[in-house]
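Undergrad: build me a model:
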Amino acid sequence: MNAPVDFGAIEGMFQRHYKQLQVRFDPELAIAWTYMNPSGAPCFNTELLADLRSHDHALEMNGGYVPFEGRMCRADYHVLASRIRGIYNLGGDLASFAQLILSHDRNGLLNYATLCIDDIFARISNYNSPLITVSLVQGDALGGGFETALSSNVVIAERSAKMGLPEILFNLFPGMGAYSLLGRRVGATRAEEMILSGRIYTATELHQLGVVDIMVEDGAGEAAVQDYVRGNARRRNGTQAVFRCRQHFNPISYDELMNITKIWVEAALRLDERDLKLMNRLVRAQLKRAQNAPHECTREEQAAVAA
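TA: Sure thing, here's the model as predicted:
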């Protein structure tokens, strides 16, 4: 006989407030929404990664239940999106990378990469629960942002979204899941072409390649998630089981991800001064994008302004 679930303990795993995440629950459709809201450059800084790890750990431990209005509710879907208009996520914290490389800090690079892998693998594993995961890409997803989008069962993108892996421009490669995730969607040869080209793809191109599952017009992303959930209502259990079969048929193991990210660490430590100059140029571009891309207001914030 199974032990009773301690919902009080489960609720306690979730933080009431995250520094760089916003979360909400839709009880009607059983959707748990998580919005990335990084401060500074719209990339995966360590604080955003830590917030994701804390939130994801709670999802992993709770069997798909989330706190809502003083009770625990079962979520059937988890959606990862962004609060920054026009940007899903621009990838790794390049400013931090440059400093760690200059100081030859192998452990610092590996610690950052491991935190990324922990977050990616939790999503690949559906948080050890019956959740169906969805990435809602409403802007640019580059490098680690593209890797994160690929880690969901379903990728929904708005037409103006762009995705790609630009790391080769500064003589590196995306080492936190891109090869594993993209290779399983388009094959190893095409994945290598995409990684080595550094090309940025449109949502239309990626939809044609089968990387994006559903493409919708700009501004229709959240409605598209809701339509997908409603359309999948009578077959959700079977769909979730098929997604679990995918991981058994062509599994991505934690060891695979870690072994590749260790190659990334060693490659990063071999970058020279010219490579780091190019990396710092992209750092400035990230910061410029952050200044020109306002954060979206939450519904609660919009209501407060209206009042």
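Undergrad: burial measure for R235, as a count.
TA: 11 (other Cβ atoms under 10 Å). Every residue, glycine included, has its C-beta placed from N, CA and C.
Undergrad: for the one 3 residues further on, same thing?
TA: Applying other Cβ under 10 Å, we find 10 other residues in the vicinity of G238.
Undergrad: ok, the closest residue to Y65 other than its chain neighbours to R106 distance?
TA: Spatially, and ignoring its direct neighbours in sequence, Y65 is nearest to M72 (4.5 Å; Cβ to Cβ, 6 or more residues apart in numbering). Distance of M72 to R106, computed by Cβ to Cβ, to the nearest Å: 42 Å.
Undergrad: wait, doesn't Y18 sit right on R53?
TA: No: distance between Y18 and R53: 10.8 Å, which falls outside the contact criterion (Cβ atoms under 8 Å).
Undergrad: ok so, going back, hang on, isn't the residue nearest to Y65 packed against G63?
TA: No: using Cβ under 8 Å, M72 makes no contact with G63, being 9.9 Å away.
Undergrad: elements contacting the helix or strand harbouring the residue nearest to Y65?
TA: Using DSSP states H and E, M72 falls within strand 71-74. Judged by 3 or more Cβ pairs under 8 Å, 6 or more residues apart in numbering; DSSP states H and E, strand 71-74 is in contact with helix 7-13, strand 65-68.
Undergrad: where does G40 land in three-state SS?
TA: Under the three-state scheme (DSSP: H, G, I helix; E, B strand; the rest coil), G40 adopts coil.
Undergrad: what number of residues are in the vicinity of it?
TA: 14.
Undergrad: residues touching it, list them.
TA: The contact partners of G40, taken as Cβ atoms under 8 Å, 6 or more residues apart in numbering, are L287, A290.
Undergrad: ok, Y18 and R53, which is more surrounded?
TA: Legend: neighbour count by other Cβ under 10 Å for Y18 and R53, higher for Y18 (20 against 15).
Undergrad: distance check, the residue lying closest to that one once chain neighbours are set aside against N292.
TA: Counting by Cβ to Cβ, 6+ apart, Y18 lies nearest to D51, which is 4.4 Å off, once chain neighbours are set aside. Going from D51 to N292 by Cβ to Cβ gives 24 Å.
Undergrad: who has more neighbours out of those two?
TA: Per other Cβ under 10 Å, whichever of D51 and N292 has more neighbours is D51, with 23 against 10.
Undergrad: how close does that one get to I200?
TA: D51 is 27 Å from I200, by Cβ to Cβ.
Undergrad: equivalent analysis for W264, please.
TA: 20 Å.
Undergrad: the two: which is more packed in?
TA: Taking other Cβ under 10 Å, W264 and I200 do not tie; W264 has more neighbours (22 against 15).
Undergrad: residues contacting the more buried one?
TA: Contacts of W264 (Cβ under 8 Å, 6+ apart): A113, L172, F173, P174, G175, M176.
Undergrad: send me stretch 75-92 as CSV with only the CA atoms.
TA: Provided in CSV are the C-alpha atoms of stretch 75-92 (Å, rounded to 0.1, in the frame of the first residue of the first chain):
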residue,chain,number,x,y,z
ALA,A,75,-0.8,19.8,-13.2
ASP,A,76,-1.1,17.9,-16.5
TYR,A,77,1.1,20.3,-18.5
HIS,A,78,4.1,22.4,-17.7
VAL,A,79,4.9,25.3,-20.0
LEU,A,80,8.2,27.2,-20.0
ALA,A,81,8.0,30.6,-21.6
SER,A,82,9.6,34.1,-21.2
ARG,A,83,8.5,37.4,-19.8
ILE,A,84,10.9,39.4,-22.0
ARG,A,85,9.2,40.6,-25.1
GLY,A,86,10.9,39.2,-28.2
ILE,A,87,13.4,37.1,-26.4
TYR,A,88,13.0,33.5,-25.1
ASN,A,89,16.6,33.3,-23.9
LEU,A,90,19.9,34.2,-25.5
GLY,A,91,21.8,31.4,-23.9
GLY,A,92,24.8,31.1,-21.7
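Undergrad: gap between it and the chain center?
TA: What separates the centre of stretch 75-92 from the centre of its chain is 6 Å, taken as Cα atoms, centre = their mean, to the nearest Å.
Undergrad: lovely, talk soon.
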